[in-house]
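1. Got a predicted structure plus its sequence, pasted below:
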Amino acid sequence: MRILLMGNPNVGKSAFFSRITGVKVIASNYPGTTVEFIKGSMKLGAEEAEVIDVPGTYTLEPTSKAEEVASQMLQNGDLVIDIVDATNLERNLYLTQELLERQIPVIVALNIWDDTKHRGISIDAAKLEELLGVPVVPTVAVTGQGIKELVDRIPEATSPPLPERTRDERWAAIGNIISEVQIITHHHHTWREHLEDAAIKPISGLPIAAFVLAISFFVIRFIGEGLIGYVMEPLFENLWAPLMMKLSVLLGSGGFWHDMLIGKLFDGQIDFFQSMGVLTTGLFIPLGAVLPYILSFYLILGIVEDVGYLPRLAVLLDNFMHRIGLHGYAIIPTMLGLGCCVPAIMATRILESRRERFIAATLISIAIPCAASQAMIFGLVGAHGVHYVAMVYGTLFAVWVVLGFVLNRTVRGFSPELLIEIPPYRLPSWRAVLTKLWMRVYGFLREAMPIILLAIFAIGILYTLGVFDAIANFTAPVVSGIFGLPQGAVVAIVVGFLRKDVAIGLLAPLALSAGQLVVGCVVLTMFFPCIAAFVVLARELGVRGLLMASGIMIAATIIVGGLLNLIL
Amino acid sequence: MNEKRQITVSQMGAGQSGTVIQILGGHGHHRSRGHGGHGHSFADRLHSLGIRPGKRVTKVSGMFMRGPVTLQVDRAQVAIGFGMASRIVVEVD
C-alpha cells in the first residue's frame, strides 16, 4: 500500500510526515526529473505502508515542475492524506476538490488547527466532513494532536463520485462549502503578526535581516567550534592518534603504504592537518573539521527555514538580486552554499529559468565559500587578525555582486519575476527539523566522503610521482607573477580541485604573510570548486554550461587574485 | 465623488484594500524570449495562489524601487514581482 501526503506548500506537511513515519526515511529523485521527494513507512494495522511526502502543490493543473511531478505521482498512489491549512481553508480546498475528482480514496487532515482560534476562525469540522464526503480530522502536526485519530480513520478514506469540473465550478463549490462551515470574526493583530509584517517592510526588514543573519552565523560558529574543540579533536588526538601510531610502527615507519595510509610524520607525530594520509588527514578533515560545521550550519538553516523567515528574506532581497540576474528566492541555494556547494547547486533547481540556474550555480561555485573552506579560512587567516578574515569575505562578496551584475548583462534568456507565498511564523517541529538535518548530513557523507578519501589517496600518488613539481614549474609564472605566491602554493591550488579545505590547509606550512594568505584563500575559493561540486555542476548545467562556467571561473580568479596582489 | 476607482496593485498604497477586477495580459507571458520551459501563464499561477477576480486583497507593503509587492488574500500573504503587480487591476474601496 502506498500512501501519498499531499497539500499546498507551507501546511506542515513535513512535520506531519515525520510524525507518522518511522526513522527509516530516504530522499530520492522522481525518475526522469530533478524533483526530490521523501519516502518513509508506517504501520497500518498488521500491514506496512509506504508513505510518500509529495512536493507541495497548489493545484493538479501543473504550473511548475514540482506540480507536474505531484500530479504524476498521484497515478501510482493507493490513498491520499490531503493536508489542509485550517487557517487558509478556502485556497487549500481547491486542491482537495481536484483530488476528490480523481479515482483515489482521500482523507483530509485539517492541520494547524490550534492556530484557528486566535486568528478568529471557527470551522465546523463535522459539517465539512459531511459536505466533502470524506473523513476530516483536525490535527496539529507539530504537537501530534489528532494524528492518532487520523491514522485510525485511514481505512474510512473514500473517493466520492464527483465528475471532473471546470475551475469556476470548483471555486463555486468551495464558496458554498465555506459559507456553511467557516465563520471568521474580526481579530486584532497579534504581536507575532506585527513581527511578520515588519520583516517584509523595507525600513524595518533590512535591520531584522541583518540581525537574523548575524545571530545565525554567531550560533553556527559557536556550535561548530564547540564540537570541534570539545568533541572531535579530543576524539582524534586521544583515541585515534595512538592507534594510528601503532599502525605506523607496524608499517615500518615508512615506505609506500605508510605514506599513503599514515602520511608524513612531524617530529615523529601525526599532524592531522598536514600528514596527508588516507587514515589520518583523510578521515580528520571531513569528520573532524568539516562535519561539525555542516551539522551546525544545517541545524540553524533548518530552524530558520521552518520558522518561515526565508521567504521574507527573499522578498526583501528580490530587488537587489534582480540586478544580478536572479530573483529573491535564489538566496536559498546561495545560503545553502555556505554549508556545502553540492546541495546548493542541486537546490538551484527551484529556480525556473535556465538562465537563472546558470547564473546562480556559477556564482555559488565561484564566490560562496563552503563550511569546509570557511573553517579553514577562520583557522588560518584568523590567526593574523579578524580584519584579514573580513578582507577575504569582503572580496568574495564583491566578486559575487560584480560577477552577477556582469552575468546579468551578458547571459541570454530571461529571469522570471518573484511569485511566492509568505507563510506565517511558526514554531518549528523538532522532529521535522531533525529529520531534515539527518537527510542533509547523510547526503553530505554519502556524496562527499568517498571522494575525499579517493582524493587524498590520489594526491599521495601524484605527490610521490613528482607530478606536482612538474605542474608547479609550468604554472609558476601565473602563481608567483600574478598572485605573488610562492611555488609551493601551486600544490595547494591543484589539491583545491579535489578538496578545498585540505588545500587551504596546505597553505599553512608555507609561512605566508597575512596578505599572501588573503590572496591564497580568495584564489582557492574562487578557483575550481571541489570535485564533488564539479560533478554536480556538470550534471546540472550540462557540458556546455560547465565549460562556460569554468572559463568564467578561471578568468575571474586571475583578475581578482592579480588585483588583490597589487593592492595588498 | 463616491465612484469607485480602478488602479493596479502596484499603485495601491500600503494598507489599502480592494477587489480584484481582472488580470491583464496573463497569457503567454512566461513564453517570452527563447525560454524553452513550460508555458504556464502567470494568471494561472496567481489563480492557484488564490488571487482571482472577485477576491478582496489588501496590500501589506511594497519594496522601494519597483521591488515586489506583498498582498494579503484571506489569511495568506503572497509576494508578487512589480511587473506582475502592475497587471493586476483592483477596484479600491
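-> Received, thanks.

2. Quick one: residues contacting the residue of chain A most remote from its centre.
-> Distance from the C-alpha centroid of chain A, by CA atoms, centre = their mean, peaks at A:G252 (44.5 Å). Contact analysis of A:G252 by CB atoms under 8 Å, 6 or more residues apart in numbering or on different chains lists A:H258. (C-beta placed from N, C-alpha, C; glycine too.)

3. Enumerate the sheet neighbours of the strand or helix carrying B:G18, specifying parallel or antiparallel for every one.
-> In the assignment (DSSP states H and E), B:G18 maps to strand B:17-23. Using DSSP bridges, the strands paired with strand B:17-23 are strand B:56-62 (antiparallel), strand B:88-92 (antiparallel).

4. would you turn the ones you listed into JSON lines with mean neighbour count, mean pLDDT and distance to A:R323?
-> Listed next are those as JSON lines, based on neighbours: other CB atoms under 10 Å in any protein chain shown; pLDDT from 0 to 100; distance: least, CB to CB, whole Å:
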{"stretch": "strand B:56-62", "mean neighbour count": "20", "mean pLDDT": "92", "distance to A:R323": "18"}
{"stretch": "strand B:88-92", "mean neighbour count": "20", "mean pLDDT": "94", "distance to A:R323": "24"}
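
5. Tabulate those strands (JSON lines), appending distance to A:G77.
-> Shown next, in JSON lines, are the strands paired with strand B:17-23 (distance: least, CB to CB, whole Å):
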{"stretch": "strand B:56-62", "distance to A:G77": "35"}
{"stretch": "strand B:88-92", "distance to A:G77": "36"}
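
6. Which of those strands sits closest to A:V543?
-> Closest to A:V543 of these is strand B:88-92 (CB to CB; 41.5 Å).

7. what separates the closest one from the chain centre, distance-wise?
-> Centroid displacement of strand B:88-92 relative to its chain, using CA atoms, centre = their mean, to the nearest Å, is 8 Å.

8. Need the residues that contact it.
-> Strand B:88-92 is contacted from outside by B:4-9, B:12, B:16-24, B:46, B:51, B:57, B:80, using CB under 8 Å, 6+ apart.

9. how about 6 Å then?
-> B:K4, B:R5, B:Q6, B:T8, B:V9, B:Q16, B:G18, B:T19, B:V20, B:I21, B:Q22, B:I23 (CB atoms under 6 Å, 6 or more residues apart in numbering or on different chains).

10. and what of stretch B:7-25?
-> B:43, B:53, B:55-56, B:58-59, B:61, B:69, B:82, B:85-93.

11. Could I get the average pLDDT for it?
-> Stretch B:7-25 shows a mean pLDDT of 92.

12. ditto for stretch A:206-224
-> Stretch A:206-224 comes out at a mean pLDDT of 90.

13. for it, the distance to its chain's centre please.
-> With CA atoms, centre = their mean, you get 17 Å for stretch A:206-224.

14. in the strand holding B:G18, what counts as buried?
-> For strand B:17-23, the neighbour count (16 or more other CB atoms under 10 Å in any protein chain shown) marks B:G18, B:T19, B:V20, B:I23 as buried.

15. so what's the first one bridging to?
-> As for beta bridges, B:G18 partners with B:V57, B:V92 under DSSP bridges.

16. what residues does the stretch 101-250 of chain A put near chain B?
-> A:D197, A:I200, A:K201, A:P202 (CB under 6 Å from any CB of the partner chain).

17. Report the next helix or strand after the helix or strand harbouring A:K39 in sequence order.
-> Per DSSP H and E: A:K39 is located in strand A:36-44. Scanning forward in sequence from strand A:36-44 by DSSP H and E, the next helix or strand is strand A:47-53.

18. That following strand to strand A:36-44, inter-axis angle?
-> Here strand A:47-53 runs at 150 degrees with respect to strand A:36-44, directions being taken by axes from the mean of the first three to the mean of the last three CA atoms, to 10 degrees.

19. who's in contact with strand A:47-53?
-> Counting by CB under 6 Å, 6+ apart, residues outside strand A:47-53 touching it are A:M1, A:R2, A:I3, A:L4, A:L5, A:F17, A:T21, A:I38, A:K39, A:G40, A:S41, A:M42.

20. Tally up the residues packed near the nearest residue to A:E98 once chain neighbours are set aside, please.
-> Closest residue to A:E98 apart from its sequence neighbours, by CB to CB, 6 or more residues apart in numbering or on different chains: A:L60 at 4.4 Å. Per other CB atoms under 10 Å in any protein chain shown, the neighbour tally for A:L60 reads 19.

21. A:A125 too?
-> Neighbours around A:A125, by other CB under 10 Å: 16.

22. Would you check that it makes contact with A:P135?
-> No - applying CB atoms under 6 Å, one finds A:A125 not in contact with A:P135, separated by 10.0 Å.

23. if I look at the two, which residues touch both of them?
-> By CB under 6 Å, 6+ apart, A:A125 and A:P135 have no common neighbours.

24. CA atoms of the longest helix seen in chain B as CSV?
-> With secondary structure taken from DSSP state H, chain B has its longest helix at helix B:42-48. This file holds the C-alpha atoms of helix B:42-48, laid out as CSV (Å, rounded to 0.1, in the frame of the first residue of the first chain):
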residue,chain,number,x,y,z
PHE,B,42,1.2,34.0,-14.6
ALA,B,43,-2.6,34.5,-14.3
ASP,B,44,-2.9,30.7,-13.7
ARG,B,45,-0.2,30.8,-11.1
LEU,B,46,-1.9,33.8,-9.4
HIS,B,47,-5.1,31.9,-9.5
SER,B,48,-3.7,28.9,-7.8
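
25. Can you pull the phi and psi angles for the closest residue to chain A within chain B?
-> Proximity of chain B to chain A (CB to the nearest CB) peaks at B:G81, 2.7 Å away. As for B:G81, its main-chain torsions (degrees, to the nearest 10) stand at phi -60, psi 150.

26. what's near enough to touch the residue nearest to it when sequence neighbours are not counted?
-> Distances taken as CB to CB, 6+ apart place A:E417 nearest to B:G81, at 2.7 Å, with adjacent residues excluded. Taking CB under 6 Å, 6+ apart, we find A:E417 in contact with B:G81, B:G83, B:M84.

27. Sounds good, over and out.
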